[in-house]
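S.K.: the sequence and its predicted three-dimensional model are supplied below.
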2 protein chains.
Amino acid sequence: MKPYTAPVDDYLFLMQDVFGLFEGGLAGGADLAPDLVEAILREAGRFAEDVLQPLNAVGDAHGCRYHDDGTVTAPPGFRQAYAQFVDAGWNALAAPARWGGQQMPATVATAVEEFCNSANQSFTMYTGWGLYAALMLEAGGAEHLRQTYLPRIVAGEWSGAMGLTEPHCGSDIGLLRTRAVAEGDAYRVTGTKIFNSGGEHDLAENIVHFVLARIEGAPKGSRGISLFLVPKSIPDPETGVLRPNAVRCDGIEHKMGLNGSATCTMTFDGAQGWLIGAPNQGLAIMFLLMNHTRRAIGVIATGVAEAASQRAAAYVRDRVQGRSPIPGRRSDADADPLIEQPDVRRLLLTIRATVEGSRALVLWTAWQADIAEQAAGQQRNAEAQASLDLVTPVIKAYLSDITFDATVLAQQLFGGHGYVTATGVEQLVRDSRVLMVGEGANAIQAVDLVLRKLRQDDGRAMARLVSDISGCIDACPPDDTFAPLLASALADLEASTRHVQAGAVAAASAGAYAYMYLFGQVLLGYMWLRMAAAARKNLGGQDDARWRFKIATARFYFEQMLPASAVHRQRVFAESDYMMDLPADAF
Amino acid sequence: MKPYTAPVDDYLFLMQDVFGLFEGGLAGGADLAPDLVEAILREAGRFAEDVLQPLNAVGDAHGCRYHDDGTVTAPPGFRQAYAQFVDAGWNALAAPARWGGQQMPATVATAVEEFCNSANQSFTMYTGWGLYAALMLEAGGAEHLRQTYLPRIVAGEWSGAMGLTEPHCGSDIGLLRTRAVAEGDAYRVTGTKIFNSGGEHDLAENIVHFVLARIEGAPKGSRGISLFLVPKSIPDPETGVLRPNAVRCDGIEHKMGLNGSATCTMTFDGAQGWLIGAPNQGLAIMFLLMNHTRRAIGVIATGVAEAASQRAAAYVRDRVQGRSPIPGRRSDADADPLIEQPDVRRLLLTIRATVEGSRALVLWTAWQADIAEQAAGQQRNAEAQASLDLVTPVIKAYLSDITFDATVLAQQLFGGHGYVTATGVEQLVRDSRVLMVGEGANAIQAVDLVLRKLRQDDGRAMARLVSDISGCIDACPPDDTFAPLLASALADLEASTRHVQAGAVAAASAGAYAYMYLFGQVLLGYMWLRMAAAARKNLGGQDDARWRFKIATARFYFEQMLPASAVHRQRVFAESDYMMDLPADAF
């Protein structure tokens, strides 16, 4: 048996039966028939299973190698796999057609992204730059930059990297010191960036750095930050021949995991760079990428937990140890498979409810992104964009938290064997741990949600979402046992929203994390209500075992997981002034 | 600043102010003056800080080395540190005086054990055998075995290892296949053991293996298992000269963490061994050790989380990033220390409430062990033993779960810097992860608690404990705001206990984990109520900041953490039959 099988059928269920995406022409402009989407997903699944997955343990064990000349070698096999990835067009999947991309809707791209990350999170970190570069360059890049860079990045010949964090400046980007000095139509960029993923490697011919820097004389803080395109090698405008730029990798991090991904310290030593967008407007453009990658964290998180879940389920079905506590279920052998233990099923259902709920939510979010992308200016699109903005911090932080927990539970199902490298699951725990700190640590997301997202439009996006969820609850038949449980959690959320919107900033910050959890739980409940309804509709055919399992997982979610919303509500309302009154050095 | 400072004062507070141990002569027979105990703890703290802690990262980075001749080298520096440890008498601390030990009470040994594990969990795995070997050999070892082995093991010249798990046999020890054949007054032991911690290394001259095996013709299952002493090298009865036994290390595991501790695969190839206890009675004797090591897991867990907590607190006090949301608290600089963020304080208080609550509970448990140790047969001692048996699975499983979560939160406070090895906290996460699977995976503990411990004496031990906690609640003044919160959680526990004791085995197993959490939360609440009362009593002197912090941490525990008990109660009562009805291959 393969250690990982892409959950293509679960995506088709979500797309078709739960969200009815094909009826709307797979929102996002593309008019894709279900069988074409299925063919793409099956092909992507095979690529992930057969090409990427076998390299995952290799990447972990071997890691990236930094050489004294500043070059970095990716783990064995990554270079060949990258060439295959690019040749098969996966790098161009979501990129705009005008630059050679396939411009697939975000819903389809999300599925492919999940599969690749389940198979090999480190490898997948090097990809996706076709879309990311287009987002930034189309928003603010000069035409010559677009023409020069986008076709090559979309084709995967060149890759990209983001230069953001500095040693003294992480979440507080306003502190950054990298500076830029104008020279002709370009700039000289000088400074050091850390935690630069894929900043240097041997997979692509060139690496295009998108670097945040402060132009000489610009204001202090976040209002004085500009974005620059700083290529590792500069193509000659006439011949295209590459000449090196003053960009140097000074080392790579030794990390808890994600060893196959090179986390670089990059020094820009008067490197030539070109401004993207207006001076001092760099953060707005960078956030076009950042909002995308924050949502991608939810997708990656789902993928890694899915991979762990599959390994754990296979193990407990196979591993014979102890007796089932239910005499009627005992086999004739000396011991029964672990899956005959009620506590093992409790763990598996916790994991499945988390992973499948997360998958539904990231797909729903991608759908909102597709709607928002359509001809701008329409009200429906603006509303989708507002929903998207609102849930982005939850997707990033809540999903990375709960899928990390699920991955740790999957490891737990292996007992002592989960602690040794050979079973493959401990790597998934180490790899997925980065998602809680990458793209802005999760606490930043919670505060962003409560102090910014919830307040920015007088709470209209939140009110619309609550009304959608209420509508879904009301549409359930009166004997539905799940709907009242979701209604109760939704009431917790509404009360908490009012409290947080009205509260002082300090109190709202102290309750932000609990609020985010409550919101996330309700969103997953919304997804599970829709999934349970669709599964019930499907009952009566040959796949009944599958639909009954889906409904049982929904039941587990509503009865055992969602009730924690009441505790989060209590935490949102808890007094917090006394915490701030404690002297800092008492901690 | 040192990365770790032993919390000696917190132990003295618990011993003196909270539990009043010195008034009872530090139960356990030893009549120790407070200043002697303080001197021991300060000395142990210095040893942990100065000798063991600096080797922790070395052990992680270098790991143990397996050589083709079957030998294993511990990480650089471990050999010298072990010699210092033994010379200073730490190995003999808790061992019986009759074999050269210092026979310190478990309360004192617990503090020292926590410090050593905070400083270097891997190193500390090699120690403690003086006590463990005495427990088993005094219960069932022939006099010549005691005389030969105990003095040397207590002195640390020889160390020990437990041979328990086999590839096909982990939690279900009844499946074990290692066999023993009588030969003269000894046996020949043949079989392969895995996950054998310290099974081979270069720290001590000899390693004494305690091996579970089945004597030829013994019954199947757990009733046919005997315990053997199988030394790596056999001392000549006359000269003491060591000659090698047929004991070979076939390799060491590559693990998620705990790299400084050699996890060995051991092959016993007709190795000479001596029976300990009666034939087929091996498990009962092995459990004298196992119950001790299961409680030790709680101590180790507390220690590792304490180390992570100290690092995190130092980081957020120092790291300047972003503005405090409270304008009055902003500094003149461009940014404020992270500790000015309410969410950071929420995290720190979560960690402190967990760690200090766990510490109180493991010390309370050690106190029960000391009482139980005193002249046997007295009712008070039997009651202490029953309490001890009851809480052992909770100490092992609940504390390792919550302190792992606390360690992950400590890592989170570092943001992206917590993911890189250099900050030292990610190692603590990887190391502490083993505690949830070692000495019986945590699910086994929950089921043991519910199906065995809770039922074995008609629930009398539980009833006594509930009555103690009720008494503590009733003794609080009427305006105490914490006591009613504990009373509410205690009511959840009592209702759940009745439900679980009366319920069918399958339902009780399905709710076992939630029950264990509920029990653990109440136990920590009990500890926090006692700590808060003692801290209030201490108010009015020069240490007021310290006592106010303790009371604030108690408040955080009662208001924000303990309320989750209601959710655990719901889970205990949740229906579970539908989970068992799902076909195994649907998972």
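M.R.: Good, I have the coordinates.
S.K.: give me the distance from stretch A:288-302 to the chain's centre.
M.R.: Counting by C-alpha atoms, centre = their mean, to the nearest Å, stretch A:288-302 is centred 3 Å from the centre of its parent chain.
S.K.: and the contacts of that stretch?
M.R.: Outside stretch A:288-302, the residues within contact range by C-beta atoms under 8 Å, 6 or more residues apart in numbering or on different chains are A:110, A:113-114, A:117, A:121, A:124, A:128, A:131-132, A:135-136, A:139, A:162, A:210, A:355, A:358-359, A:361-362, A:365-366, A:369, A:388-389, A:392-393, A:395-396, A:399-400, A:403-404, A:432, A:435, A:438-440, A:445. C-betas here are computed from N, CA, C, even on glycine.
S.K.: same deal with stretch A:316-331?
M.R.: Under C-beta under 8 Å, 6+ apart, the answer for stretch A:316-331 is A:333-342, A:344, A:348, A:413, B:168-172, B:175, B:447, B:451, B:505-506, B:509, B:580, B:584-585, B:587.
S.K.: circling back to that earlier point, now the contacts of stretch A:288-302: which count as buried?
M.R.: Neighbour counting by 16 or more other C-beta atoms under 10 Å in any protein chain shown classes A:110, A:113-114, A:117, A:121, A:124, A:128, A:131-132, A:135-136, A:139, A:162, A:210, A:355, A:358-359, A:361-362, A:365-366, A:369, A:388-389, A:392-393, A:395-396, A:399-400, A:403-404, A:432, A:435, A:438-440, A:445 among these as buried.
S.K.: in helices, which of those residues fall?
M.R.: A:110, A:113-114, A:117, A:121, A:124, A:131-132, A:135-136, A:139, A:355, A:358-359, A:361-362, A:365-366, A:369, A:388-389, A:392-393, A:399-400, A:403-404, A:432, A:445 (DSSP state H).
S.K.: which of the residues you listed are close to chain B?
M.R.: Counting by C-beta under 8 Å from any C-beta of the partner chain, residue A:404 from these sit close to chain B.
S.K.: what average pLDDT does the longest strand belonging to chain A get?
M.R.: Looking across chain A with DSSP state E, the single longest strand is strand A:263-276. The average pLDDT within strand A:263-276 is 98.
S.K.: between helix A:129-140 and it, find me the angle.
M.R.: Strand A:263-276 runs at 30 degrees relative to helix A:129-140, counting by axes from the mean of the first three to the mean of the last three C-alpha atoms, to 10 degrees.
S.K.: helices and strands around strand A:263-276, which ones?
M.R.: Under the contact criterion of 3 or more C-beta pairs under 8 Å, 6 or more residues apart in numbering or on different chains; DSSP states H and E, strand A:263-276 touches helix A:129-140, strand A:158-163, strand A:179-183, strand A:186-197, strand A:206-215, strand A:226-231, strand A:247-252.
S.K.: contact partners for the closest residue to residue A:192 other than its chain neighbours?
M.R.: Excluding the flanking residues, the one nearest residue A:192 by C-beta to C-beta, 6 or more residues apart in numbering or on different chains is residue A:267, at 5.1 Å. By C-beta under 8 Å, 6+ apart, residue A:267 lies in contact with A:191, A:192, A:247, A:248, A:249, A:250.
S.K.: what about the third one, how many neighbours?
M.R.: Going back to what we said before, that points to residue A:247. 26 (other C-beta atoms under 10 Å in any protein chain shown).
S.K.: I'd say it and residue A:265 touch.
M.R.: No. Using C-beta atoms under 8 Å, residue A:247 is not in contact with residue A:265; the gap is 11.8 Å.
S.K.: which residues of the stretch 401-550 of chain A fall in strands?
M.R.: Counting by DSSP state E, counting those that start in this stretch, the stretch 401-550 of chain A has no strands to list.
S.K.: what ranges do the helices span in it?
M.R.: Using DSSP state H, counting those that start in this stretch, the helices of the stretch 401-550 of chain A run over A:425-432, A:442-447, A:460-474, A:482-502, A:505-510, A:512-538, A:544-556.
S.K.: make TSV out of those helices and add mean pLDDT.
M.R.: Below are those laid out as TSV (pLDDT from 0 to 100):
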stretch	mean pLDDT
helix A:425-432	98
helix A:442-447	96
helix A:460-474	97
helix A:482-502	97
helix A:505-510	92
helix A:512-538	98
helix A:544-556	98
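S.K.: so which of those is nearest residue B:106?
M.R.: When the helices of the stretch 401-550 of chain A are compared by C-beta to C-beta, helix A:425-432 sits nearest residue B:106, at 32.9 Å.
S.K.: against which helices or strands is that closest one packed?
M.R.: Using 3+ C-beta pairs under 8 Å, 6+ apart, helix A:425-432 sits against helix A:56-62, helix A:121-124, helix A:282-318, helix A:399-412.
S.K.: please convert the ones you listed to JSON lines, extending it with mean pLDDT and distance to residue B:492.
M.R.: Formatted as JSON lines, the helices and strands packed on helix A:425-432 follow (pLDDT from 0 to 100; distance: least, C-beta to C-beta, whole Å):
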{"stretch": "helix A:56-62", "mean pLDDT": "98", "distance to residue B:492": "43"}
{"stretch": "helix A:121-124", "mean pLDDT": "98", "distance to residue B:492": "40"}
{"stretch": "helix A:282-318", "mean pLDDT": "97", "distance to residue B:492": "30"}
{"stretch": "helix A:399-412", "mean pLDDT": "98", "distance to residue B:492": "23"}
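S.K.: so which of those helices is the most surrounded?
M.R.: helix A:121-124 (a mean of 27; mean count of other C-beta atoms under 10 Å in any protein chain shown).
S.K.: which strands and helices sit next to it?
M.R.: helix A:56-62, helix A:78-87, helix A:106-119, helix A:282-318, helix A:425-432.
S.K.: CA atoms only: put stretch A:227-244 into PDB for me.
M.R.: The C-alpha coordinates for stretch A:227-244 follow below in PDB (Å, rounded to 0.1, in the frame of the first residue of the first chain):
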ATOM      1  CA  LEU A 227       9.100  46.600  -2.500                       C
ATOM      2  CA  PHE A 228      11.900  45.700  -4.900                       C
ATOM      3  CA  LEU A 229      12.500  43.000  -7.500                       C
ATOM      4  CA  VAL A 230      16.100  41.900  -6.900                       C
ATOM      5  CA  PRO A 231      17.100  39.000  -9.100                       C
ATOM      6  CA  LYS A 232      20.000  36.700  -8.100                       C
ATOM      7  CA  SER A 233      21.200  37.100 -11.700                       C
ATOM      8  CA  ILE A 234      20.300  39.900 -14.000                       C
ATOM      9  CA  PRO A 235      19.300  39.100 -17.600                       C
ATOM     10  CA  ASP A 236      20.900  41.300 -20.300                       C
ATOM     11  CA  PRO A 237      18.100  43.300 -21.900                       C
ATOM     12  CA  GLU A 238      19.300  42.400 -25.400                       C
ATOM     13  CA  THR A 239      20.800  38.900 -25.200                       C
ATOM     14  CA  GLY A 240      19.100  37.500 -22.100                       C
ATOM     15  CA  VAL A 241      22.500  36.300 -20.800                       C
ATOM     16  CA  LEU A 242      22.500  36.300 -17.000                       C
ATOM     17  CA  ARG A 243      25.100  38.200 -15.000                       C
ATOM     18  CA  PRO A 244      25.400  37.800 -11.200                       C
END
